[in-house]
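Participant: Fold the following, please.
(chains A and B)
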Number of protein chains: 2
Amino acid sequence: MQELYIKVPGTTDTSYKITIGSGLLPSVWPAVEAGFPKARLFLITDANIVAAGHLDTLLQGRDVPSYVIRPAGEPSKNIGTVVAIVEAMEKAYLGRDTAVLALGGGTVGDIGGFAAAIFKRGVPVVQIPTTTLAQADSAIGGKTGVDSSVSKNAFGAFWHPTAVFIDVAALRTLDKRQYRAGLVESVKHGLIASEEYFEFLERNLDAILARDPGVLETLASYNCAIKGRVVEEDPLEKNQRRILNYGHTIGHAVEAASDYTLLHGEAIAIGIIAAGLIEAELGLAEPGRLERVRTVLEKLGVPVKLPPNLAEDRLMDVMKHDKKAVDRWPRFVLLDRLGQVHQKDGQYAVPVSREIVEKVLEKLEG
Amino acid sequence: MQELYIKVPGTTDTSYKITIGSGLLPSVWPAVEAGFPKARLFLITDANIVAAGHLDTLLQGRDVPSYVIRPAGEPSKNIGTVVAIVEAMEKAYLGRDTAVLALGGGTVGDIGGFAAAIFKRGVPVVQIPTTTLAQADSAIGGKTGVDSSVSKNAFGAFWHPTAVFIDVAALRTLDKRQYRAGLVESVKHGLIASEEYFEFLERNLDAILARDPGVLETLASYNCAIKGRVVEEDPLEKNQRRILNYGHTIGHAVEAASDYTLLHGEAIAIGIIAAGLIEAELGLAEPGRLERVRTVLEKLGVPVKLPPNLAEDRLMDVMKHDKKAVDRWPRFVLLDRLGQVHQKDGQYAVPVSREIVEKVLEKLEG
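Facilitator: Predicted structure coming up:
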């Protein structure tokens, strides 16, 4: 018997630029061409983005190879769509010198990022998020993935963008419900990392709801700085990155148990309140904090209680399959105080007894 | 407008162990369990491996979650098989704590490695190659991929194995044609990197064809050392790794133009002779070298001339789409001398005029 070792060389630090502005879209294409002088560009977007006029704004009359995801949204976020995109890229005779641009919300970013990750063993992707959710959260950090017929994000890859362009003017056309639900991730960022940011949100809710471009640019830079700092520390979600799952243990379960009739951010809003109630049970809550959080979420018009028709059995069942589950019972991310996540034995996802979770779910009933 | 930079942290060097032996298979499972004490193991193999008894030899009566690819071979090397595998893993309630074992030839390694790369954003894979091709070449180096309905390896990822186990005893059941074709990559390794290895092959052809375990272990360690050294230098195939494509420019074209009736190694044998003829045209050949190569390949019983019914138009057309093509004309890896690849301007894949290629193809006609 013989033994040999093959070295897998490490990589050096790289970085990508996030450009934030209002009315950026028309200048994005030339910027990408300048960044990839030898690449052939391929655009992925969806039917909603075309209808909202953002594709025209981006292309400025250019004729480029592209794929429009139809229908827009979660139903298309599956491996079948990725297969169709890769085959469209091949039929356009694209090779390993391709760079992909993903223009749209979270699903376009997830689909486009994953397609780029697996096309010919990986080509660069430029993320151009157009929703509150994608601009605050999903376009940054390199998580990509699509669903199988069995479960969500069964297929995926860590594939960091090469550049991100955030045009807050694109938010103007977003429908009200999605606009508001996507802001919940911003609230989460304040809660887990910055009291200053949370207070900025409290003070500027009216301007945010009026989609004031200046305030939205400030939001974008807080969001990118906070999420960026977390993913820099822990790109592969070994521990610290889990703080981004604040509100997500019960939130994800609520989202699934609602059969996705609740938007992601709406379910996370309920999950954030649930986390606050657990903190109160554990004596982690400073006076008045939960009420401040509830006030912000209510002003955003997102739910803060469970929908009346939600099957609690289903909720418990989904939680047992949570990705943070150990021995079929999930872990929770909790706060020590506003802007500071609780740790136990160096871990950010901590166990909470079933009794407390059941008690909190009862309190959450609408 | 604001600009922020997000750092993508580099990775440190890692390494994986290749264990080579004869009769290793029964001890592989305990070794993998010891290496992944907290993981749940999932096995991917194919119908041929089951029929040959290798699955039973590996499992030793254990009952483990697994997926058997049917039919074995190239027709199953597509994204549909990967989707079916991932869904089987989900139905077995496997999560991110899974490790995949891929037991089989090149297609099992490619499929299993790619499934591991994209299951829940990536889980470890242990490669257990059972063919001359996979043991010499495809199990090492981290290239994984599957075909689309449009072209080969349209989907893929660089995903290094966490461990490799090479049991040369598994070669005993391999059918003669596949056994011999897979040895062509060993010949290639000698040609591009080691005169000493090439001479070992020349001297030991009878023992190799008799599947002598001791000689096959020596082959495996030469192959792993040579391929390992190349992929360590250039894991993402920016330049030096291209030397592994020696014989592959015309070889791939022949393989495709034969509609895959020729095995990969058989087509590469023709491609190696073609490369030798090009070297002769360019004055790169030392006296007698091409004849030595031809003698070895003929003793292996692989073709050294184009099959009579091959459409030359089709051959030229495929070459224009070669991955090393620049301006729709491929590049070639050539030798300066036995064991030493030719470079031009620091590049290992160099241009060759269409006239020379056409002349060489004429000489190759059967």
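Participant: which residues make contact with stretch A:43-51 from outside it?
Facilitator: A:54-55, A:58-59, A:64-73, A:76, A:85, A:100-105, A:107-108, A:111-112, A:115, A:130 (Cβ atoms under 8 Å, 6 or more residues apart in numbering or on different chains). Backbone N, C-alpha and C define where each C-beta goes, glycine included.
Participant: Quick check: strands, which of those are part of them?
Facilitator: A:66-69, A:100-104 (DSSP state E).
Participant: so which of those is the most crowded?
Facilitator: Greatest neighbour count in the ones in strands among the contacts of stretch A:43-51, by other Cβ atoms under 10 Å in any protein chain shown, goes to residue A:104: 32 neighbours.
Participant: who touches that one in this structure?
Facilitator: A:44-46, A:48-49, A:69, A:72, A:112, A:128-131, A:134.
Participant: I'd like the residues you listed as CSV, with pLDDT appended.
Facilitator: Listed next are the contacts of residue A:104 as CSV, based on pLDDT from 0 to 100:
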residue, pLDDT
A:44, 98
A:45, 98
A:46, 98
A:48, 97
A:49, 98
A:69, 98
A:72, 96
A:112, 98
A:128, 98
A:129, 98
A:130, 98
A:131, 98
A:134, 98
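Participant: and residue A:2, what does it touch?
Facilitator: Per Cβ under 8 Å, 6+ apart, neighbours of residue A:2: B:19-21, B:217, B:220-221.
Participant: before we move on, what about residue A:98?
Facilitator: Residue A:98 neighbours (Cβ under 8 Å, 6+ apart): A:39-42, A:89, A:119-120, A:123.
Participant: for chain B, what are the nearby residues on the stretch 51-200 of chain A?
Facilitator: Counting by Cβ under 8 Å from any Cβ of the partner chain, the residues of the stretch 51-200 of chain A close to chain B are A:79, A:83, A:86-87, A:90-91, A:93, A:95-96, A:117-122, A:140, A:142-145, A:148-151, A:153-158, A:160, A:164.
Participant: picking that back up, just the ones of the contacts of residue A:2 in helices?
Facilitator: B:217, B:220-221 (DSSP state H).
Participant: about what we covered before: counting neighbours, which of the residues of the stretch 51-200 of chain A next to chain B end up buried?
Facilitator: A:79, A:83, A:86-87, A:90, A:117-122, A:140, A:142-145, A:148, A:153-158, A:160, A:164 (16 or more other Cβ atoms under 10 Å in any protein chain shown).
Participant: burial measure for the residue of the stretch 201-350 of chain A found nearest chain B, as a count.
Facilitator: Closest residue of the stretch 201-350 of chain A to chain B, Cβ to the nearest Cβ: residue A:228 (4.2 Å). Using other Cβ under 10 Å, residue A:228 is surrounded by 20 other residues.
Participant: Need phi/psi at it.
Facilitator: Main-chain torsions, residue A:228, degrees, to the nearest 10: phi -60, psi -40.
Participant: Among the contacts of residue A:2, name the buried ones.
Facilitator: B:19-21, B:217, B:220-221.
Participant: pLDDT below threshold where in chain A?
Facilitator: A:323-326 (pLDDT under 70).
Participant: just the strands in it please.
Facilitator: A:2-8, A:14-21, A:40-46, A:66-69, A:98-104, A:125-129, A:143-146, A:155-158, A:163-167, A:331-332, A:335-337, A:340-341, A:350-351.
Participant: how about those strands in CSV, adding distance to residue B:182?
Facilitator: What follows is those, written out as CSV (distance: least, Cβ to Cβ, whole Å):
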stretch, distance to residue B:182
strand A:2-8, 19
strand A:14-21, 38
strand A:40-46, 36
strand A:66-69, 38
strand A:98-104, 32
strand A:125-129, 36
strand A:143-146, 35
strand A:155-158, 30
strand A:163-167, 43
strand A:331-332, 48
strand A:335-337, 59
strand A:340-341, 54
strand A:350-351, 51
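Participant: Quick one: closest of those to residue B:252.
Facilitator: strand A:98-104 (20.4 Å; Cβ to Cβ).
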